[in-house]
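>>> Have a look; sequence and predicted model below, questions after that.
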Amino acid sequence: MFGLAALVTKRSGFDLPHSALPWLYVALAAFVVAAIAALVANIPIRYSTPKIAAFTKVVREKWDDSGRVAQRRVALTRLEMVRTYRRGNNLKGRILIGAIVAEVIAVVALAVAVSIVLAHGLD
């Protein structure tokens with residue numbers, strides 16, 4: 001799109017139409033937001049995991065518990081881990097969806113701006 005617009009704007013005396021400027025600013029801002037959101041979505045986050053100290057305490061204080069109690073404790077620990085993993089992944093997913101939406105907005109705004117420039121250049 002920019003290549004076609006560049007050909008049109010190479011004409012001598014060409015002025016960028018003022019109506020294209022807001023669309024270009026929206027496209028630029030949306031591309032920046034998309035890029036930042038995509039980078040943020042890739043930042044490693046801390047997931048809740050059992051701590052060594054907690055394991056040590058359980059081994060010391062609960063070693064003689066029945067198998068059933070131990071299985072329940074393990075299951076609850078795993079459920080908590082899955083819950084935090086899902087929460088973190090859902091957050092990253094929402095950020096990534098935001099990045100995609102921003103990129104779509106940027107592409108549409110850029111397409112509108114280029115079409116304005118082309119329409120103005122073909123006059």
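All right, it came through fine.
>>> Give me the helices and strands touching the top helix by length along the chain, please.
Ranked by residue count, the top helix of the chain under DSSP state H comes out as helix 67-121. Using 3 or more C-beta pairs under 8 Å, 6 or more residues apart in numbering; DSSP states H and E, the elements in contact with helix 67-121 are helix 2-9, helix 21-41, helix 52-62. Every C-beta, even on glycine, is put in place using the N, C-alpha and C of the backbone.
>>> nearest residue to Ala30 other than its sequence neighbours?
Ranked by C-beta to C-beta, 6 or more residues apart in numbering and with sequence neighbours excluded, the top spatial neighbour of Ala30 is Ala106, at 3.5 Å.
>>> Wait, that neighbour touches Leu24, no?
No: look at Ala106 against Leu24 with C-beta atoms under 8 Å: they stay out of range, at 10.3 Å.
>>> From the neighbour counts alone, determine which of these two ranks first.
More neighbours surround Ala106 than the other of Ala106 and Leu24, with 20 against 17 (other C-beta atoms under 10 Å).
>>> any idea how far the more buried one is from Val26?
8 Å (C-beta to C-beta, to the nearest Å).
>>> circling back to that earlier point, run the angle between the longest helix of the chain and helix 52-62 for me.
160 degrees (axes from the mean of the first three to the mean of the last three C-alpha atoms, to 10 degrees).
>>> quick one: buried residues of stretch 107-123?
Across stretch 107-123, burial judged by 16 or more other C-beta atoms under 10 Å covers 109-110, 112-114, 116-118, 120-121.
>>> For Lys62, list the residues it contacts.
For Lys62, the contact set (C-beta atoms under 8 Å, 6 or more residues apart in numbering) comprises 69-70, 73.
>>> what residue lies at the spatial centre of this protein?
Leu96 (2.5 Å; C-alpha atoms, centre = their mean).
>>> Just confirm that residue contacts Ala37, I think it does.
Yes: taking contacts as C-beta under 8 Å, Leu96 lies within contact range of Ala37: 7.3 Å.
>>> distance between stretch 29-42 and the chain's centre?
6 Å (C-alpha atoms, centre = their mean, to the nearest Å).
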